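Q: Kindly generate the corresponding structure for this input.
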Amino acid sequence: MKRERFQSRLGFLLVSAGCAVGIGNVWKFPYVTGENGGGVFVLFYLLFLAVMGVPVLTMELAVGRASRRSAVQGYQALQKPGSKWHIHGWFCVAGCCLLMMYYTTVSGWMLGYFFKFAGGVFDGLSAEAVESVFPAMLANPVEMTAWMVMTVLVGFLICSFGLQKGLERITKWMMLGLLALIALLAVHSLTLPGGMEGVKFYLLPDFQRAAEAGLGHVITAAMNQAFFTLSLGIAAMEVFGSYMKRDNTLTSEAVRICLLDTFVALMAGLIIFPACFAFGVEPGQGPALIFIILPKVFVSMAGGRLWGALFFLFMTFASFSTVIAVFENLQANAIDNFGWTRKKAALVNCVFILIASMPCVLGCNVWSNLHLIGGRDVLDSEDFIVSNLLLPLGSLVYLLFCVSKSGWGYDRYLEEANTGEGIKMPRWLWPYFQFVLPVLVLIILIQGLL
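A: Predicted structure coming up:
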């Protein structure tokens with residue numbers, strides 16, 4: 001069967017960036033920045049994105065583009081006869097499934113809050129009442145299930161229409177809408193009285209503040225965030241490489257994806273920090289920042305219902321773009337490995353993800369006493385396996401596959417990465433890829449497990 005291709009380069013870039021742009025950018029990045037003293041963290045984040053994120057992204061895309069296959073068959077097409085690299089492809093499929101088992105729930109929270117703000121649920125509420133909305137939503141298994149089911153059904157419906165007519169067409173408009181919303185929200189935040197103090201905290205490096213947070217901790221947190229923001233290691237990006245044209249070098253495309261991803265993360269901070277400082281809110285509040293602290297800010301500002309609805313629409317777009325990108329990965333693997341039609345792959349995967357997502361939904365309420373890995377609840381246990389184990393380990397496998405003689409090999413990787421017009425990956429980086437980059441990824445893996 002002929003491999004589907006993206007209709008346009010813009011489509012590829014927006015879909016790939018949509019996969020990378022997710023909850024990590026718009027939820028985690030601002031509160032981790034706040035916890036780690038602001039500007040210095042952002043500086044190190046950008047540095048690690050360049051020295052770690054871009055190279056590993058080119059490797060995952062290279063395996064996809066050279067093989068024209070999804071994870072398992074991609075390895076099989078490129079590996080030496082008798083080697084077992086393709087086993088990692090099945091871990092990639094499992095990782096994508098596991099990611100969606102909790103990500104669909106969190107994406108449902110964003111959708112739920114959009115409808116709550118748009119429907120006027122927060123109008124006239126006291127600060128205490130605003131705080132109680134999120135716990136009440138988590139405690140309601142019916143409401144939680146409804147938002148999750150809506151996310152999954154719409155996601156697989158879009159993917160069932162095909163790459164160009166479904167994923168590319170919808171993601172293109174959704175990402176353009178996201179970029180327009182983020183610009184509008186950022187301009188609004190910057191005009192709030194006292195908002196510029198938030199910008200200074202966020203973007204001006206203050207090493208004294210970083211030292212208070214612990215400079216070593218700030219650097220390792222920036223390293224983690226830069227690494228995880230691109231969703232590398234579970235073939236979420238590899239499948240889009242398999243749909244790419246060969247007109248441009250992979251380094252050029254990886255840089256553009258990173259720039260789009262980083263732009264969204266930085267702009268999310270420009271929305272959140274000025275608003276926090278304008279209303280006297282501590283920006284290092286952790287995960288509660290989005291669902292408890294910011295709604296209180298929106299309720300107390302003029303036109304809060306509109307700004308709250310627009311903010312959570314932006315959050316919905318950011319999370320849902322990742323959902324449908326990973327759904328496409330599951331589709332592609334089912335089509336490649338089992339010879340299914342796209343419609344059958346959508347139906348079977350949809351039923352599976354609906355059932356597999358229920359433990360996370362129920363873990364917030366009915367099964368809230370269920371503690372799994374290290375005393376974590378269901379959602380945090382699933383996230384721990386994906387974020388702390390499968391992403392860094394998977395990235396290490398892709399890295400070793402592309403630079404070692406027992407794998408695909410550096411020469412073949414370099415030839416694929418440098419095919420097309422644009423920025424070339426220099427050959428002299430081989431010692432860095434061979435000896436330094438694996439150590440950096442190992443540090444992230446060990447840190448995550450500790």
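
Q: Show me what stretch 348-359 is in contact with.
A: When contacts are defined by CB atoms under 8 Å, 6 or more residues apart in numbering, stretch 348-359 is touched by residues 97, 100-102, 104-105, 145, 148-149, 152-153, 156, 327, 330-331, 334, 340, 367, 378. The C-beta positions use only the backbone N, C-alpha and C, and glycine is treated the same way.

Q: hmm, which of those residues are the buried ones?
A: Among the contacts of stretch 348-359, those buried by neighbour count (16 or more other CB atoms under 10 Å) are 97, 100-102, 104-105, 145, 148-149, 152, 156, 327, 330-331, 334, 340, 367, 378.

Q: Give the closest residue to G112 in space, chain neighbours not counted.
A: Once flanking residues are discounted, G112 sits nearest to W147: 4.6 Å by CB to CB, 6 or more residues apart in numbering.

Q: picking up where we left off before, the contacts of stretch 348-359 in helices, which ones?
A: Using DSSP state H, 97, 100-102, 104-105, 145, 148-149, 152-153, 156, 327, 330-331, 334, 378 are the members of these that sit in helices.

Q: Which is the succeeding secondary structure element to the worst-scoring helix or strand of the chain on mean pLDDT?
A: Within the chain, no helix or strand scores below helix 288, which has a mean of 74 by mean pLDDT, DSSP states H and E. Per DSSP states H and E, the first helix or strand lying C-terminal to helix 288 is helix 294-300.

Q: Where does pLDDT dip in the stretch 351-450 of the chain?
A: Within the stretch 351-450 of the chain, no stretch has pLDDT under 70.

Q: quick one, helices of it?
A: Under the criterion DSSP state H, counting those that start in this stretch, the stretch 351-450 of the chain contains helices at 378-384, 391-403, 410-417, 430-431, 437-449.

Q: Give me the distance from the first one to the chain's centre.
A: Read it as helix 378-384. On the basis of CA atoms, centre = their mean, to the nearest Å, helix 378-384 sits 16 Å off its chain's mean C-alpha point.

Q: quick revisit: deepest of the helices of the stretch 351-450 of the chain, which one?
A: Sort the helices of the stretch 351-450 of the chain by mean neighbour count, taking mean count of other CB atoms under 10 Å, and helix 391-403 sits at the top with a mean of 24.

Q: So which elements touch that helix?
A: Applying 3 or more CB pairs under 8 Å, 6 or more residues apart in numbering; DSSP states H and E, we find helix 391-403 packed against helix 54-67, helix 87-118, helix 215-228, helix 410-417, helix 437-449.

Q: could these go into TSV alongside distance to L167?
A: Shown next, in TSV, are those (distance: least, CB to CB, whole Å):
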stretch	distance to L167
helix 54-67	15
helix 87-118	15
helix 215-228	23
helix 410-417	23
helix 437-449	29
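
Q: For V297, find the nearest of those helices.
A: The closest of these to V297 is helix 87-118. By CB to CB, the value is 12.2 Å.

Q: pLDDT averaged over the closest one - what is it?
A: The average pLDDT for helix 87-118 rounds to 96.

Q: Show me which residues of the strand or helix carrying A325 are buried.
A: Element membership for A325, per DSSP H and E: helix 304-338. By neighbour count on 16+ other CB under 10 Å, the buried set for helix 304-338 is 304-305, 307-337.

Q: by how many degrees do it and helix 54-67 diverge?
A: Orientation check (axes from the mean of the first three to the mean of the last three CA atoms, to 10 degrees): helix 304-338 against helix 54-67 gives 40 degrees.

Q: Give me the distance between helix 304-338 and the centre of its chain.
A: 10 Å.

Q: about what we covered before: what's in contact with the least confident helix or strand of the chain?
A: Helix 288 is contacted by no other residue when judged by CB under 8 Å, 6+ apart.

Q: Surely H217 and E35 touch.
A: No. Counting by CB atoms under 8 Å, H217 does not reach E35; the two are 9.2 Å apart.

Q: Going by how many neighbours each has, rank the two and give me the top one.
A: Taking other CB atoms under 10 Å, H217 and E35 do not tie; E35 has more neighbours (18 against 14).

Q: Check the more buried one and give its pLDDT.
A: 84.

Q: Would you quantify the distance from it to A221?
A: 8 Å (CB to CB, to the nearest Å).

Q: One more: A62?
A: According to CB to CB, A62 stands 29 Å off from A221.

Q: Tell me which residues touch C364, please.
A: Contacts for C364 (CB under 8 Å, 6+ apart) come out as T105, L138, A139, P141, M144, D377, V378, L379.

Q: What are the neighbouring residues in contact with the third one?
A: By CB under 8 Å, 6+ apart, the contact set of A139 is C364, N365.

Q: May I have the phi/psi pair for it?
A: Here is the backbone geometry of A139 (degrees, to the nearest 10): phi -80, psi -10.

Q: thinking again about what came up before, confidence score at the residue nearest to G112?
A: Note for W147: predicted pLDDT of 98.

Q: ok, it - how many residues close by?
A: W147 has 22 nearby residues by other CB under 10 Å.

Q: Test my guess that it contacts G108.
A: Yes. W147 is in contact with G108 according to CB under 8 Å; the separation is 3.1 Å.

Q: So A62 and A221 - more neighbours on which side?
A: Under the criterion of other CB under 10 Å, the comparison of A62 against A221 puts A62 first, with 29 against 21.

Q: show me the contacts for that one.
A: Under the criterion of CB under 8 Å, 6+ apart, the neighbours of A62 are G241, L250, C402, Y413, E416, A417.

Q: Please convert the residues you listed to TSV, extending it with distance to V56.
A: TSV is the format used below for those (distance: CB to CB, whole Å):
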residue	distance to V56
G241	13
L250	11
C402	9
Y413	12
E416	15
A417	12
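
Q: List the buried residues in the helix or strand that contains A346.
A: Element membership of A346, judged by DSSP H and E, is helix 342-363. Neighbour counts over helix 342-363 (16+ other CB under 10 Å) mark 342, 345-346, 348-350, 352-354, 356-363 as buried.

Q: now stretch 244-263
A: 244, 248-258, 260-262.

Q: What of stretch 123-131?
A: The neighbour-count check on stretch 123-131 (16+ other CB under 10 Å) flags V130, E131 as buried.

Q: how far is that stretch from where the chain is centred?
A: Using CA atoms, centre = their mean, the offset of stretch 123-131 from its chain centre is 31 Å.

Q: still on that earlier bit, any idea how far the helix holding A346 is from the chain center?
A: The chain centre lies 20 Å from the centre of helix 342-363; the measure is CA atoms, centre = their mean.

Q: Send over it as CSV, restricted to the C-alpha atoms.
A: C-alpha atoms of helix 342-363 as CSV (Å, rounded to 0.1, in the frame of the first residue of the first chain):
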residue,chain,number,x,y,z
ARG,A,342,-7.5,3.0,8.5
LYS,A,343,-11.2,2.8,9.5
LYS,A,344,-10.6,-0.5,11.3
ALA,A,345,-7.4,0.8,13.0
ALA,A,346,-9.4,3.8,14.2
LEU,A,347,-12.3,1.7,15.6
VAL,A,348,-10.1,-0.9,17.4
ASN,A,349,-7.7,1.7,18.9
CYS,A,350,-10.6,3.9,19.9
VAL,A,351,-12.3,1.1,21.9
PHE,A,352,-9.0,0.1,23.4
ILE,A,353,-8.1,3.7,24.5
LEU,A,354,-11.6,4.3,25.9
ILE,A,355,-11.3,1.2,28.2
ALA,A,356,-7.6,1.8,29.0
SER,A,357,-8.3,5.4,30.1
MET,A,358,-10.9,4.5,32.7
PRO,A,359,-8.4,3.5,35.5
CYS,A,360,-6.9,7.1,35.4
VAL,A,361,-10.4,8.6,35.4
LEU,A,362,-11.5,6.4,38.4
GLY,A,363,-8.1,7.0,40.1
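
Q: Cheers, nothing more for now.
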